[in-house]
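**Student:** for reference, the sequence and a predicted model appear below.
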Number of protein chains: 2
Amino acid sequence: MTMLDPAAFDTYLRQRAAETERLLSDLLGADIRMDEIARPHNLVSAMRHGTLNGGKRLRPFLVSETTALFSGNAEAAARVGAALECLHSYSLIHDDLPAMDDDDLRRGQPTVHKAFTEATAILAGDSLLTYAFDLIAAPETDLPDDRKVQLVLALSRAAGIGGMAGGQALDLEAETTVPDEDGIVMLQAMKTGALLRFACEAGPVIAGAGSEDRQRLRRFGEVIGLAFQLADDVLDVTSDATTMGKATGKDAGRGKATLVARHGIAWAEQRLDALVEEAVALLAPYGEKAGILNATARFVADRQN
Amino acid sequence: MTMLDPAAFDTYLRQRAAETERLLSDLLGADIRMDEIARPHNLVSAMRHGTLNGGKRLRPFLVSETTALFSGNAEAAARVGAALECLHSYSLIHDDLPAMDDDDLRRGQPTVHKAFTEATAILAGDSLLTYAFDLIAAPETDLPDDRKVQLVLALSRAAGIGGMAGGQALDLEAETTVPDEDGIVMLQAMKTGALLRFACEAGPVIAGAGSEDRQRLRRFGEVIGLAFQLADDVLDVTSDATTMGKATGKDAGRGKATLVARHGIAWAEQRLDALVEEAVALLAPYGEKAGILNATARFVADRQN
């Protein structure tokens, strides 16, 4: 089993996050789709506020690294990663709205509806979601059309009714009708897992790898998604708001069902180890080349914020 | 100049709207993207409520008729039209939200956030927007990949920051800072015009027509968009809530700047005639084949609700 050591991985992840941040800032810059028309300054500022906030950029990182595994076009991967991050940012902006999770703080900064208005936050989310598909389809994304179509299809399904948005709806329902354990796993796989799965599946699509590779990376993404959510639930119990840059202890406060609430922290830690092992085993056929992705699985399970 | 008589056109439009309604009901049916996962019943119901409301389906109609003008694939056009109508429905659901226009009534029915909850309305809009791109990219839409990519790109730009969403943001700003006449025309071209322009441009793209045809239909769509918005502003002054199935007189009540408020009804009627003439002149090269589209231009200018 090949794996970078945690400190080296952390440095590498930060470097890549800084690159993603620069690309996003360019893409959400002064000339964003403004060739012929008036500029809604406020809306662009809100989109930037909701996106350029120093996140870990884990999803673009996974797109880039799974593309690199198959020697795909790195620049195209960066653009698809940026599209995915725009879409992820839209979901956070809308989830934070008063009618949804009603959060004032995100990564230590005021949420978009607090920094701007609720109307602008709704529109900023809508615009970022729309822009994600623009970025994939745009001529500047140097990929064959059939791969662009596959990416649009996979992303829309990961984000839509059968994925993230559907999972968020189930999560809202879960506040009144507590789901059983299968129900919890399923809603988390939709709400959080679907985008991470897309991030890992995107690489083989961008690189034009075969369907077996695509299935393997898709499953790797599912496992990463399960680990990510479990680590999140652990952090909600063990961390504090300063470390997380957002409210914690909310799940218990709302009586929200999580696997950690049912089985405890020790069980969760064991389960996380098992998931990392499964992820690493999935990438065994790629040998040394999978070192960074293996380290990413470990990072996702161990993350402290 | 060829044009169907208004009664015949009206019957034809209704027939086509009924077909679109059936297709949308199928596409938003029990099996919508639910192969492997839990079904968020409430969210699907809200998406259906916000979409299956007996609208005129003008945008899908334009997609189908501009496709027919170039003998393109009618079934693919119907699916692209349905995608566009999902996207249009999303925009209405979000525009009606309390934080936006705060409307309780749409086509005589409670708006989605009244019939369901605000959170569900936000998610239903998000899901319909996402589903629009799914429908275009899906294998069931029988089009070459390069045309799908062109459609995704054109639709995302029509709907995004440089189009509808940007226009809505400018419209919200216009409630406090009144724009000049150029500003009004520009924000309306973005907010309302961009999707109608896409509807007309989609036909030549679906049919694989040349760039001159595409430019011509794009301009036709712009002119239709101007006429649509002007007729809307006239109706806001002259109509009542029963006819419109939604609140009227709102523009004046909010001190919102419209061209009708500035220049009066008589000016608007003259301008509408001029726009219809321009639209018909644009389609002159297509002769008799453009009869239905010509009648559509007249219909848009003359509509009573």
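**Tutor:** Sure, I can see it.
**Student:** check which residues of the helix or strand where residue A:229 lies are buried.
**Tutor:** If you go by DSSP states H and E, residue A:229 is part of helix A:211-238. For helix A:211-238, burial by neighbour count (16 or more other C-beta atoms under 10 Å in any protein chain shown) applies to A:213-214, A:216-237. All C-beta atoms are positioned from the backbone trio N, CA, C, and that covers glycine.
**Student:** so which bits of stretch A:42-52 are buried?
**Tutor:** Result for stretch A:42-52 [16+ other C-beta under 10 Å]: buried residues A:42-51.
**Student:** just send those back as JSON lines, with distance to residue A:96 and secondary structure too.
**Tutor:** Output for those, formatted as JSON lines (distance: C-beta to C-beta, whole Å; DSSP: H, G, I helix; E, B strand; the rest coil):
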{"residue": "A:42", "distance to residue A:96": "18", "secondary structure": "helix"}
{"residue": "A:43", "distance to residue A:96": "17", "secondary structure": "helix"}
{"residue": "A:44", "distance to residue A:96": "19", "secondary structure": "helix"}
{"residue": "A:45", "distance to residue A:96": "17", "secondary structure": "helix"}
{"residue": "A:46", "distance to residue A:96": "12", "secondary structure": "helix"}
{"residue": "A:47", "distance to residue A:96": "14", "secondary structure": "helix"}
{"residue": "A:48", "distance to residue A:96": "16", "secondary structure": "helix"}
{"residue": "A:49", "distance to residue A:96": "12", "secondary structure": "helix"}
{"residue": "A:50", "distance to residue A:96": "9", "secondary structure": "helix"}
{"residue": "A:51", "distance to residue A:96": "13", "secondary structure": "helix"}
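**Student:** so which of those residues is the closest to chain B?
**Tutor:** When the buried residues of stretch A:42-52 are compared for distance to chain B (C-beta to the nearest C-beta), residue A:43 wins out at 3.9 Å.
**Student:** report pLDDT for that closest one.
**Tutor:** In the prediction, the pLDDT value recorded for residue A:43 is 95.
**Student:** now do the same contact list for it.
**Tutor:** Residues near residue A:43 by C-beta atoms under 8 Å, 6 or more residues apart in numbering or on different chains: A:120, A:123-124, A:127, B:161, B:165-166, B:169.
**Student:** if you set the cut-off to 7 Å instead, what comes out?
**Tutor:** A:120, A:123-124, A:127, B:161, B:166, B:169 (C-beta atoms under 7 Å, 6 or more residues apart in numbering or on different chains).
**Student:** repeat that for residue A:87.
**Tutor:** Counting by C-beta under 7 Å, 6+ apart, residue A:87 has contacts A:128-129, A:132, A:155, A:159.
**Student:** next, see if stretch A:61-78 gets close to chain B.
**Tutor:** No - Stretch A:61-78 lies out of reach of chain B by C-beta under 7 Å from any C-beta of the partner chain, never closer than 13.5 Å.
**Student:** what lies in contact with that stretch?
**Tutor:** Contacts for stretch A:61-78 (C-beta under 7 Å, 6+ apart): A:13, A:16, A:23, A:80-81, A:84, A:141-143, A:196, A:199-200, A:202-204, A:206-207, A:209, A:213, A:217, A:286, A:289-290, A:292-293, A:296.
**Student:** worst-scoring helix or strand of chain A, pLDDT-wise?
**Tutor:** helix A:241-244 (a mean of 57; mean pLDDT, DSSP states H and E).
**Student:** low-confidence regions, the stretch 101-250 of chain A specifically.
**Tutor:** Where the stretch 101-250 of chain A drops to pLDDT under 70, the residues are A:240-250.
**Student:** please redo it, this time with the cut-off set to 90
**Tutor:** The stretch 101-250 of chain A contains residues with pLDDT under 90 at A:107, A:173-185, A:236-250.
**Student:** mind listing the helices for it?
**Tutor:** Per DSSP state H, counting those that start in this stretch, the stretch 101-250 of chain A carries helices over the ranges A:112-115, A:118-137, A:145-159, A:164-174, A:181-188, A:194-207, A:211-238, A:241-244, A:250-253.
**Student:** okay if I get the ones you listed as a markdown table plus distance to residue B:92?
**Tutor:** Shown next, in a markdown table, are those (distance: least, C-beta to C-beta, whole Å):
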| stretch | distance to residue B:92 |
| --- | --- |
| helix A:112-115 | 21 |
| helix A:118-137 | 12 |
| helix A:145-159 | 20 |
| helix A:164-174 | 18 |
| helix A:181-188 | 28 |
| helix A:194-207 | 26 |
| helix A:211-238 | 33 |
| helix A:241-244 | 37 |
| helix A:250-253 | 32 |
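**Student:** quick one: which of these is nearest residue B:102?
**Tutor:** helix A:118-137 (9.9 Å; C-beta to C-beta).
**Student:** and that closest one, what does it pack onto?
**Tutor:** Judged by 3 or more C-beta pairs under 7 Å, 6 or more residues apart in numbering or on different chains; DSSP states H and E, the packing partners of helix A:118-137 are helix A:41-51, helix A:74-95, helix A:112-115, helix A:145-159, helix B:118-137, helix B:145-159, helix B:164-174.
**Student:** so which of those is nearest residue B:4?
**Tutor:** helix B:145-159 (27.2 Å).
**Student:** residues in contact with the closest one?
**Tutor:** A:33, A:130, A:133-134, A:137-138, A:145-146, A:148-149, A:152, B:80, B:87, B:132-133, B:136-137, B:141, B:163-165, B:194-195, B:197-198, B:201-202, B:205-206, B:208.
**Student:** show the buried residues in those residues.
**Tutor:** For those, buried by 16+ other C-beta under 10 Å: A:33, A:130, A:133-134, A:137-138, A:148-149, A:152, B:80, B:87, B:132-133, B:136-137, B:141, B:163-165, B:194-195, B:197-198, B:201-202, B:205-206, B:208.
**Student:** contacts for stretch A:211-219?
**Tutor:** A:66, A:70, A:197, A:200-201, A:203-205, A:282.
**Student:** distance to residue B:105 for those residues - can I get that in TSV?
**Tutor:** Converted to TSV, these look like this (distance: C-beta to C-beta, whole Å):
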residue	distance to residue B:105
A:66	48
A:70	53
A:197	40
A:200	45
A:201	43
A:203	48
A:204	49
A:205	44
A:282	53
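**Student:** one step back: just flag the most distant two among the contacts of residue A:87.
**Tutor:** Top of the distance list for those (C-beta to C-beta): A:128 and A:155, 12.9 Å.
**Student:** pull the CA atoms of stretch A:55-75 into CSV?
**Tutor:** Taking Å, rounded to 0.1, in the frame of the first residue of the first chain, the C-alpha atoms of stretch A:55-75 are listed here in CSV:
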residue,chain,number,x,y,z
GLY,A,55,-11.9,26.1,1.4
LYS,A,56,-9.9,22.9,1.1
ARG,A,57,-11.1,22.4,-2.5
LEU,A,58,-11.3,18.7,-1.9
ARG,A,59,-13.6,18.1,-4.9
PRO,A,60,-11.5,19.9,-7.5
PHE,A,61,-8.5,18.1,-6.0
LEU,A,62,-10.1,14.7,-6.6
VAL,A,63,-11.1,15.6,-10.1
SER,A,64,-7.4,16.6,-10.9
GLU,A,65,-5.9,13.6,-9.2
THR,A,66,-8.3,11.0,-10.7
THR,A,67,-7.6,12.6,-14.1
ALA,A,68,-3.8,12.4,-13.5
LEU,A,69,-4.2,8.7,-12.6
PHE,A,70,-5.2,8.1,-16.3
SER,A,71,-2.8,10.8,-17.7
GLY,A,72,-5.7,13.0,-18.8
ASN,A,73,-5.7,16.7,-19.7
ALA,A,74,-4.7,18.6,-16.5
GLU,A,75,-6.1,22.0,-17.7
